[in-house]
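S.K.: I'd like to go over a predicted model; first the sequence, then the structure.
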Amino acid sequence: MDIKNTITTLLRDGFILVFNQDKLNIVKTAEALIKAGVNNMEVTCRISQPLEKLDRLRKELPDFVSGVASLIDSQEMLDVYRKVHPQDPLPSVQEVADAGAYYLVSAGNFTDETFKKYAGKTAIIPGCGSVTEIISQFSRGANLCKIFPARYLGGPAFVKAIDPAIHKTISLVPTGGTNASNIADYIDAGVLVMGGSFSLIEKEVMKKIIDEQDYALLAEELTKVKQLIDKLRAEKYPDIDFATASIEEISRSTGRNFNIP
């Protein structure tokens, strides 16, 4: 799958699930997402053996758009972490890319070296916390810019405040604290894709899903999220059918640029 198809999938989905739950089966979780109408997921490096989990997804669901998140694009920090955790080392950006991740996500900025290697080839979504970082990372080749931690940066109000300063050109992906109560505000602020973890699901329901390994219930809960996003985006952009729209059509209608070569 090339970068254009990857970004198109993310835009059609409108949602990136952060897989950060070691107690769930990653393939069955992906299948629950597919049932909900979402065809992507990011494997966060905050769980154990992220490369092994990515490998399972790539082998068992090759058409599913699997990305990797919580990447640390610093060899020095990787070295420090690996000394402390030799049995479960944090993978580098190159290791993740070599393993077949369709998109790369970080909490912080990516280095110039990473952009030189992967921009235009693999989708890049860096974590940003200011207008300066957003513009800088986009200028280097980022396709979307993750706003993290969105809740503590100001949530939808932060996105709405800074969007005019970037001339509503760069597509922002708020992650961290997204929930049913603020999804509408994010979409109203111009967000096309948002990131969220299992905290989107009520705690008692999530406990039941984990305890009983109930992936049918997980699919039901994820369907609610997807349907809410679909409804709100349709109201915001009545001229776009996100389920079938091309990246060019979405770009023309929203004014967003996705750095697709």
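M.R.: Happy to help now that I have it. Numbering: from 1, shown residues only.
S.K.: residues in contact with Gly120?
M.R.: Contact partners of Gly120, counting by C-beta atoms under 8 Å, 6 or more residues apart in numbering, are 3, 141, 259, 261. Just so you know, the C-beta spots here come from the backbone N, C-alpha and C atoms, and that holds for glycine as well.
S.K.: Looks to me like it is in a helix.
M.R.: No: looking at Gly120 with DSSP: H, G, I helix; E, B strand; the rest coil, it is coil, so not inside a helix.
S.K.: Ramachandran coordinates for it?
M.R.: When read as degrees, to the nearest 10, the backbone of Gly120 gives phi 90, psi -10.
S.K.: ok, now Asn40?
M.R.: According to degrees, to the nearest 10, Asn40 has phi -150, psi 160.
S.K.: Use 15 as the first number for this chain going forward.
M.R.: Right, with 15 as the first residue, what we last looked at is Asn54.
S.K.: Next one: it from Asp202, what distance?
M.R.: 23 Å (C-beta to C-beta, to the nearest Å).
S.K.: So these two - more neighbours on which side?
M.R.: Of the pair Asn54 and Asp202, Asn54 is the one with more neighbours under other C-beta atoms under 10 Å, namely 22 against 14.
S.K.: can you map out the helices along this structure?
M.R.: 17-27, 40-50, 64-74, 89-98, 107-112, 126-132, 145-154, 164-167, 169-176, 197-202, 217-226, 229-250, 261-268 (DSSP state H).
S.K.: Please identify the buried residues of the shortest one?
M.R.: Judged by neighbour count (16 or more other C-beta atoms under 10 Å), helix 164-167 contains these buried residues: 164-165, 167.
S.K.: Same check on the longest one?
M.R.: Residues of helix 229-250 classed as buried by neighbour count (16+ other C-beta under 10 Å): 229, 231-237, 239-240, 242-244, 246-247, 250.
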